[in-house]
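Visitor: 3D model of this:
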Amino acid sequence: MSLSFKEMVKGINPKFLDFYRLETLQVNLGDMCNQHCMHCHIDAGPKAGKIMSKEVMEEIIRFLRDHKGHILDITGGCPELNPNFRFFIDEVHRLTSRLMIRTNLTILVEKETDWIPQWYRERQIVVMASLPCYTKENVDKQRGDGVFEKSIKALKRLNELGYGDSYELNLVYNPGGDFLPGSQKKLELEYKKELFDNYGIIFNNLLTITNAPLGRFKNYLKACGQFEQYTNLLVDNFNPESAESIMCRRLISVDWQGILYNCDFNQAAGLPIRDKTGKILGINDIKEAIQRKFEIVTAKHCYCCTAGAGSSCTGVLV
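Guide: Alright, predicted model coming up:
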């Protein structure tokens, strides 16, 4: 029987499970999405209904006004589909040291939202674009028919606006199944060659992220009888060198209701940050959360962040 993630990391250094300091505030605007990807850990899709309200957004804005200079990482679902998305970004983009938005690309070429790329450039937003492969077959298999073609169209539009050169454009890769990502450096070279040679597309960096056995991907693994095997793969590939750099030591994630988590994966697993009495902490409690050295909430899925070269929302850890 394998050790729990908590036991494994504490065996290296107990301090590695302590929250260190807030560098990145990650905000999940909801699970509404125009895609229905098989690997999605939050079950996002067109019929989803967990949408962050303007009231919760205003609480986040108040915190950022009092604590300027943090990195802000906006995610979803498809964050652009939140009805108050434009209001929120217009309020926060001057309050952060770096504002990243995670997009699925296809939303940028839909008729109702094709104004967004130009709007992103005007606010100098860092675009984190999900593209799980550089081939049509693999992308459409994971994300749906026609997704690759729309993604290429969106990337060309971003390039026309200076993204990949004057403005930062990063692509995000995740495996198409129950296996670990390959070398981030090697994959980046392959992506850059294939996308430029075939489509004339350029970008800045490729970030690899290991699939978490949660949500829709967990259901897929169980349906294929591969859940235990994949979990064991993550455990067996635990890399002790990645333990000190796990993203939850410097990141707090806020869900659509304003509840605080150590990461987006813990959101999907329903594991919020609590105080010593067991009270669930929300955005109104974030000052309290960042002022004390609380222990990070962990579970078996945390092994996805320490397998191989390690994994985080900004790529490999070692």
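Visitor: so which bits of stretch 48-63 are buried?
Guide: By 16 or more other Cβ atoms under 10 Å, the buried positions in stretch 48-63 come out as A48, K50, I51, M52, V56, M57, E59, I60, I61, F63. Every C-beta, even on glycine, is put in place using the N, C-alpha and C of the backbone.
Visitor: in the stretch 151-300 of the chain, which spans are helices?
Guide: 184-199, 215-223, 227-236, 264-269, 286-291 (DSSP state H, counting those that start in this stretch).
Visitor: now, among the buried residues of stretch 48-63, which is nearest to I201?
Guide: Of all these, A48 has the smallest distance to I201: 29.7 Å, by Cβ to Cβ.
Visitor: spatially, what comes nearest to the closest one if we skip its sequence neighbours?
Guide: Leaving out its chain neighbours, the residue that sits closest to A48 by Cβ to Cβ, 6 or more residues apart in numbering is D31, at 3.8 Å.
Visitor: ok so, going back, show me which of the buried residues of stretch 48-63 is closest to Q124.
Guide: The closest of the buried residues of stretch 48-63, once distances to Q124 are taken by Cβ to Cβ, is I61, at 18.7 Å.
Visitor: mind checking pLDDT for that closest one?
Guide: pLDDT recorded at I61 is 98.
Visitor: you'd agree it is in a strand?
Guide: No. The assignment for I61 by DSSP: H, G, I helix; E, B strand; the rest coil gives helix, which leaves it out of any strand.
Visitor: surely it touches V92?
Guide: Yes. With contact defined as Cβ atoms under 8 Å, I61 reaches V92; the gap is 6.1 Å.
Visitor: other SSEs contacting the lowest-mean-pLDDT helix or strand in the chain?
Guide: Across the helices and strands of the chain, mean pLDDT, DSSP states H and E gives its lowest value to helix 286-291, namely a mean of 88. Helices and strands touching helix 286-291, by 3 or more Cβ pairs under 8 Å, 6 or more residues apart in numbering; DSSP states H and E, are strand 251-254.
Visitor: so which elements touch the strand it packs on?
Guide: Using 3+ Cβ pairs under 8 Å, 6+ apart: strand 251-254 touches strand 24-28, strand 260-261, helix 264-269, helix 286-291.
Visitor: quote the end-to-end distance of stretch 265-273.
Guide: 13 Å (Cα to Cα, to the nearest Å).
Visitor: for that stretch, the averaged confidence score.
Guide: What stretch 265-273 shows for mean pLDDT is 96.
Visitor: what do you get for stretch 89-101?
Guide: 97.
Visitor: how about it as PDB, C-alpha atoms only?
Guide: The C-alpha trace of stretch 89-101 is given here as PDB (Å, rounded to 0.1, in the frame of the first residue of the first chain):
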ATOM      1  CA  ILE A  89     -11.000  42.100 -16.300                       C
ATOM      2  CA  ASP A  90     -11.400  45.900 -16.800                       C
ATOM      3  CA  GLU A  91     -11.400  46.300 -13.100                       C
ATOM      4  CA  VAL A  92      -8.400  44.100 -12.200                       C
ATOM      5  CA  HIS A  93      -5.900  44.400 -15.100                       C
ATOM      6  CA  ARG A  94      -4.200  47.500 -13.500                       C
ATOM      7  CA  LEU A  95      -4.100  45.900 -10.100                       C
ATOM      8  CA  THR A  96      -1.800  43.000 -10.900                       C
ATOM      9  CA  SER A  97       1.900  42.400 -11.700                       C
ATOM     10  CA  ARG A  98       0.900  39.900 -14.300                       C
ATOM     11  CA  LEU A  99      -2.600  39.000 -15.600                       C
ATOM     12  CA  MET A 100      -3.000  35.600 -17.300                       C
ATOM     13  CA  ILE A 101      -6.100  34.300 -18.900                       C
END
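Visitor: could you give me the buried positions within that stretch?
Guide: Neighbour-count burial for stretch 89-101 [16+ other Cβ under 10 Å]: I89, E91, V92, H93, L95, T96, L99, M100, I101.
Visitor: does the last one really touch V126, like I thought?
Guide: This means I101. Yes. Counting by Cβ under 8 Å, I101 touches V126, with 7.3 Å between them.
Visitor: common neighbours of the two, please.
Guide: Between them, I101 and V126 share no contacting residue under Cβ atoms under 8 Å, 6 or more residues apart in numbering.
Visitor: ok, how many other residues are close to Q124?
Guide: 12 (other Cβ atoms under 10 Å).
Visitor: that older thread, can you tell me which of the helices of the stretch 151-300 of the chain is most buried?
Guide: helix 264-269 (a mean of 24; mean count of other Cβ atoms under 10 Å).
Visitor: and that helix, what does it pack onto?
Guide: For helix 264-269, the packing partners by 3+ Cβ pairs under 8 Å, 6+ apart are strand 24-28, strand 251-254.
Visitor: give me phi/psi at R102?
Guide: Phi and psi for R102, reported as degrees, to the nearest 10, are phi -90, psi 110.
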